[in-house]
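> I need the structure of the sequence given here:
(2 chains, ligands or ions: 3)
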Amino acid sequence: MRRFTYYEPESLKEAIALLEKNGETARLLAGGTDLIVEIKQEKKSPDHLVSLRRIPGLQEMDFSDGELCIGAMVTHRMIEKAELIRDKYSLLADAVDNLGSVQVRNVATIGGNICNAAPSADTAAPLVALGARLVVEGPAGERQIPIDEFFKGPGKTDLGAGEILRCIRIPALPQGAGSCYIKHARRKAMDLPLLGIAVIIVPDANMVCREARIALSLAGPKPFRAEQAEAFVTGKPLSEEVWKQAGEIAVGESNPRSSFRTTAAYRRKMIGTLIPRAAAVSLQRVNRAWMKG
Amino acid sequence: MAVKISFKLNGEDVSINVDDHVTLMDMLREEFDLFGAKEGCGYGECGSCTVLVDDKAVNSCLMLAVAVNGRSVLTIEGLAGPRGELDPLQKSFVEKGAVQCGFCTPGMIMSAKALLLEKPCPTEEEIRKGMAGNLCRCTGYAKIVEAIKAASERGCSCGKDS
Ligand SMILES: Cc1cc2nc3c(=O)[nH]c(=O)nc-3n(C[C@H](O)[C@H](O)[C@H](O)COP(=O)(O)OP(=O)(O)OC[C@H]3O[C@@H](n4cnc5c(N)ncnc54)[C@H](O)[C@@H]3O)c2cc1C
Ligand code: FES
Ligand code: FES
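Ligands and ions are numbered 1, 2, ... in the order given. Predicted coordinates for the structure are as follows:
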């Protein structure tokens, strides 16, 4: 592998200073499951790697006042095992459940997944559906970025020079919400998604849809909310038929591309098929999620 | 640049000077002559380089050696007891014929070790999921799953079958 200098700063301040000093030749290192692969493949060639592993606080998850805060260095494995996430934010648990292997999930982080900004990132659609806000620290101090403004396209984010993602804030979901993420892939394990479908449903007591969120990845140049489909289901009874129509509306809002992995036509077809499926699972989960209080 | 790191390797405290860009796998093989972890792909896909860091399975081909400073590393070479008595997993891999060419075996056993450390009595589904990051081109996996089940029954006190 290419030679580089490795640093283990012990504070964000120190890490930011290292990034500022070394500019374009420096890269942050989290779990390395994207970056080390890219360095080995000579797609990236940093001279300085700034590891985040010794910076306190980044590996913590905090749930208070209904808001969930996930540190950038929290691994997929930690998310997978967090009961609170499985119960209340099932779609996020779904996203990490089949992300890579145990070996990958033990080191790969949610921050790395988001900052790498691969169209196939499994946590992207769930975080977009959840309306996450990214807390970023940089030379000019702290700022918060709504996740839909963070992704700028494949491999591109809103992060500026010297900026580091500190944590991901997820606002409280309405009481009674159920959710699901479907990773549509060719294999059950060790495969990247062809499509990512995230759904959150909030029904009222009569099973009429109070609120619905649908976020898609690999259905366009970046993850997005299918707002017309969401508006269509809101206020309607949560029937299979309604969701089928919502699926078709979302197809119309999508602009998937053909890649070496599959065609745009197939992706379009599957968006229509999988949205009702994700909605059905979300509905089944409505009670489970909130009975536990 | 070479950095001095200290860590626990198979139960022993060790220190070494290692270059920043060297992977954990290369350090184990080239500096410590531990050839159990093998490079199948080098990209995190196959699991033949699996070792445990702080009791968790990782791909040593994607981890930098410098990142294990202060931590504890367990490789297949450290599994057997002080007088060479095999770990229950090693025994059952032998008994069940879960080894053919053997290239994947150290990684398989280390992944299985991590699984059983965390979950002494996994179900078959949990075994298959826990082992999803380890590829084998020879056995067809059935005997590997059987061997892990047998080892878990040996070491498990919950009385459950699988
Ligand atoms: C075998 C294998 C299978 C995989 N399967 C999947 C899969 O199924 N689904 C999926 O989504 N991904 C998958 N991945 C990709 C990868 O594991 C994930 O994207 C992972 O979450 C990346 O996290 P990391 O901590 O390893 O990031 P790193 O590789 O350390 O970093 C990735 C990028 O983000 C930047 N970065 C990291 N942290 C921060 C931060 N806090 N602030 C600013 N920038 C930061 C880094 O500079 C780098 O450019 C797979 C990878 C492998 C090797
Ligand atoms: S060599 Fe490390 S996963 Fe294949
Ligand atoms: S025994 Fe040959 S690869 Fe598994």
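> in chain B, which spans are strands?
Here chain B has its strands, by DSSP state E, at B:2-9, B:12-19, B:50-53, B:56-59, B:72-74.
> could you report the neighbour count for residue 30?
You didn't say which chain, so I picked chain A. 24 (other Cβ atoms under 10 Å in any protein chain shown). To be clear about C-beta, it is placed using only N, CA and C from the backbone, and glycine gets the same treatment.
> wrong one, I was asking about chain B
Neighbours of B:Glu30 (other Cβ under 10 Å): 12.
> now the one 4 residues further on
B:Leu34 is flanked by 20 other residues according to other Cβ under 10 Å.
> what about it, distance to A:Ala117?
To A:Ala117, B:Leu34 is 37 Å away according to Cβ to Cβ, to the nearest Å.
> A:Leu216 now?
Applying Cβ to Cβ to A:Leu216 and A:Ala117 gives a distance of 16 Å.
> which residues of the stretch 151-293 of chain A lie near chain B?
Contacts of the stretch 151-293 of chain A with chain B, taken as Cβ under 8 Å from any Cβ of the partner chain, map to A:189-190.
> how about the helices in the stretch 151-293 of chain A?
A:227-233, A:240-253, A:264-291 (DSSP state H, counting those that start in this stretch).
> could you export those helices as TSV, including mean pLDDT, mean neighbour count and distance to ligand 1?
Formatted as TSV, the helices of the stretch 151-293 of chain A follow (pLDDT from 0 to 100; neighbours: other Cβ atoms under 10 Å in any protein chain shown; distance: least, Cβ to the nearest ligand atom, whole Å):
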stretch	mean pLDDT	mean neighbour count	distance to ligand 1
helix A:227-233	98	19	24
helix A:240-253	97	18	21
helix A:264-291	89	18	17
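> of these, which is nearest ligand 3?
helix A:264-291 (32.9 Å; Cβ to the nearest ligand atom).
> can you list the domains in chain A?
Following the assignment in automatic domain parsing, chain A carries domains at A:5-51, A:61-171, A:178-292.
> could you tell me the least trusted of these?
Lowest mean pLDDT within those: domain A:178-292, at a mean of 94.
> how near is the residue nearest to the spatial centre of chain B to ligand 2?
Nearest residue to the geometric centre of chain B (Cα atoms, centre = their mean): B:Met110, 2.0 Å. Relative to ligand 2, B:Met110 is positioned 12 Å away (Cβ to the nearest ligand atom, to the nearest Å).
> roughly how far apart are that residue and A:Glu230?
Distance, B:Met110 to A:Glu230, using Cβ to Cβ: 46 Å.
> so which bits of chain B are right by ligand 1?
Residues of chain B lying near ligand 1 by Cβ under 6 Å from any ligand atom: B:44-45.
> which residue, other than its chain neighbours, is closest to residue 78?
Just so you know, I chose chain A. Leaving out its chain neighbours, the residue that sits closest to A:Met78 by Cβ to Cβ, 6 or more residues apart in numbering or on different chains is A:Met61, at 6.9 Å.
> I was after chain B.
Excluding the flanking residues, the one nearest B:Gly78 by Cβ to Cβ, 6+ apart is B:Asn10, at 2.7 Å.
> which residue, other than its chain neighbours, is closest to A:Ser217?
In space, and not counting its chain neighbours, A:Ser217 is closest to A:Gly196: 3.7 Å by Cβ to Cβ, 6+ apart.
> could you pull up phi and psi at the spatially closest residue to B:Val94 that is not a sequence neighbour?
In space, B:Val94 comes closest to B:Leu86 once its chain neighbours are excluded; the distance is 7.5 Å by Cβ to Cβ, 6+ apart. In terms of degrees, to the nearest 10, the main-chain angles of B:Leu86 are phi -70, psi 150.
> quick one: strands adjacent to the helix or strand containing A:Leu134?
Under the criterion of DSSP states H and E, A:Leu134 resides in strand A:133-138. Note on strand A:133-138: by DSSP bridges, its sheet partners are strand A:141-146 (antiparallel), strand A:164-170 (antiparallel).
> nearest to ligand 1, out of those strands?
Between ligand 1 and the strands paired with strand A:133-138, the tightest spacing by Cβ to the nearest ligand atom is seen for strand A:164-170, at 3.6 Å.
> what residues does the closest one touch?
A:12, A:15-16, A:19, A:28, A:52, A:57-58, A:67-72, A:89, A:110-111, A:114-115, A:127, A:130-138, A:142, A:144, A:159 (Cβ atoms under 8 Å, 6 or more residues apart in numbering or on different chains).
> buried stuff in it?
For strand A:164-170, burial by neighbour count (16 or more other Cβ atoms under 10 Å in any protein chain shown) applies to A:164-170.
> distance of the residue nearest to A:His184 when sequence neighbours are not counted from ligand 3?
The shortest distance from A:His184 to any residue other than its chain neighbours is 4.3 Å, reached at A:Leu195 (Cβ to Cβ, 6+ apart). Here A:Leu195 is placed at a distance of 32 Å from ligand 3 (Cβ to the nearest ligand atom).
> mind listing what A:Leu195 touches?
Counted by Cβ under 8 Å, 6+ apart, A:Leu195 has contacts A:182, A:184, A:216-219, A:256, A:267, A:270-271, A:274.
> of all these, which two lie farthest apart?
A:Ile182 and A:Pro256 (15.1 Å; Cβ to Cβ).
> which residues does the nearest residue to A:Gln41 once chain neighbours are set aside contact?
The shortest distance from A:Gln41 to any non-neighbouring residue, by Cβ to Cβ, 6+ apart, is to B:Tyr43 (7.8 Å). Applying Cβ under 8 Å, 6+ apart to B:Tyr43 gives the contacts A:37, A:40-41, B:61-62.
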